[in-house]
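**Student:** return a 3D structure for these sequence lines:
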Amino acid sequence: MKILKEIIKDHMQYRKQIIKLAKADLSKTYRGSALGWSWAIIKPVVTIFVYWFAFSIGLRAGKDVNGYPFFLWLIAGVVPWFYMGDMITGGTNCIRRYSYLVTKMKFPVSTIPTFVSMSNMMVNIILLIIVIIIFCLFGHAPDMYILQMPLYLILSFIFFTLWALFSSFIGAVSKDFVNLVKSFITAIFWLSGILWNADKVAIPWLRKFLNLNPVTFLVNGFRNCFINKVWFWEQPKRLLYFCIITFILFIAALWSYKKLRKDIADVL
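**Tutor:** Below is the predicted model of the structure:
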């Protein structure tokens with residue numbers, strides 16, 4: 001409880017600085033490029049086009065899903081992944097990236113994962129707004145199910161901010177851990193049902209195991225808003241499993257902060 005109070009106090013005391021640093025992180029990411037902020041849109045669009053072309057044209061596996069074109073099903077899951085993928089790797093490396101805040105000034109290190117997560121979430125929200133516009137252009141205007149999207153955004157933000165708090169401290173003292181996470185990001189992507197439907201897996205125990213994956217839960221959640229037309233309370237077990245995993249990650253994040261916060265400055 002003492003560690004939790006310390007983290008909350010730091011966030012309350014530096015709340016204005018956190019917002020400013022989140023905006024600065026966005027500017028820093030695209031600074032120096034001629035197109036600037038446009039790269040926040042261009043890079044995801046190119047990635048989505050490649051996946052669509054590979055599955056629909058190359059493999060000819062892009063069939064309609066629940067009456068929606070495969071392209072719409074694809075972007076409903078891939079776009080939220082951009083935030084998750086950036087946080088899995090970028091969250092792990094965020095303290096190293098902002099080492100000057102730790103070594104050259106007095107700044108609460110626990111807030112670094114928070115403003116990095118806020119920065120990535122801003123881009124994620126912009127991309128999701130674009131997704132809604134694309135659905136409308138295809139003649140599939142979102143209905144009342146879209147009202148649960150803020151819930152999945154909040155769950156995503158909480159989970160991956162906790163992940164960043166946990167992993168960034170370990171990543172700050174061990175570069176091998178950072179490389180390990182980067183090596184697993186591709187496996188996480190392909191095993192999380194982002195480009196295929198985890199609910200269609202024929203083996204029951206494997207299907208249940210795959211749905212324990214927090215990334216799978218969140219991707220399916222966003223697709224429930226757009227395509228599957230399922231409320232979050234209609235899948236209570238999946239929500240419960242996600243909350244349990246999030247709580248375990250919360251404990252791990254507090255442990256990581258408690259054990260390593262005093263060593264960060266010396267290591268960096």
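
**Student:** could you pull out the helices for the stretch 151-268 of the chain?
**Tutor:** 175-191, 204-210, 214-223, 236-260, 264-267 (DSSP state H, counting those that start in this stretch).

**Student:** A strand includes residue 147, no?
**Tutor:** No: the assignment for residue 147, made by DSSP: H, G, I helix; E, B strand; the rest coil, is helix rather than a strand.

**Student:** neighbours of it, just the number please.
**Tutor:** 11 (other CB atoms under 10 Å). (Each C-beta comes from the backbone N, C-alpha and C, glycine too.)

**Student:** quick check: buried residues in stretch 224-243?
**Tutor:** Within stretch 224-243, the residues that count as buried by 16 or more other CB atoms under 10 Å are 224-228, 232, 235, 238-239, 241-242.

**Student:** end-to-end on stretch 54-66?
**Tutor:** 21 Å (CA to CA, to the nearest Å).

**Student:** just checking, residue 158 touches residue 246?
**Tutor:** Yes: look at residue 158 against residue 246 with CB atoms under 8 Å: they come within range, at 6.6 Å.

**Student:** ok so, going back, tell me the one of the buried residues of stretch 224-243 nearest residue 103?
**Tutor:** residue 242 (36.3 Å; CB to CB).

**Student:** what sits against that closest one?
**Tutor:** 155, 159, 214, 217-218 (CB atoms under 8 Å, 6 or more residues apart in numbering).

**Student:** which of those residues lies closest to residue 205?
**Tutor:** Using CB to CB, those come closest to residue 205 at residue 217, 17.4 Å.

**Student:** relative to residue 13, how far out is the closest residue to the closest one other than its chain neighbours?
**Tutor:** Distances taken as CB to CB, 6 or more residues apart in numbering place residue 242 nearest to residue 217, at 4.7 Å, with adjacent residues excluded. Spatial separation of residue 242 from residue 13 under the definition CB to CB, to the nearest Å is 31 Å.

**Student:** how about residue 25?
**Tutor:** 20 Å.

**Student:** more neighbours, those two?
**Tutor:** residue 25 (21 against 12).

**Student:** quick one: secondary structure of the more buried one?
**Tutor:** Taken by three-state DSSP, the conformation at residue 25 corresponds to helix.

**Student:** what sits against it?
**Tutor:** Residue 25 neighbours (CB under 8 Å, 6+ apart): 115-116, 119.
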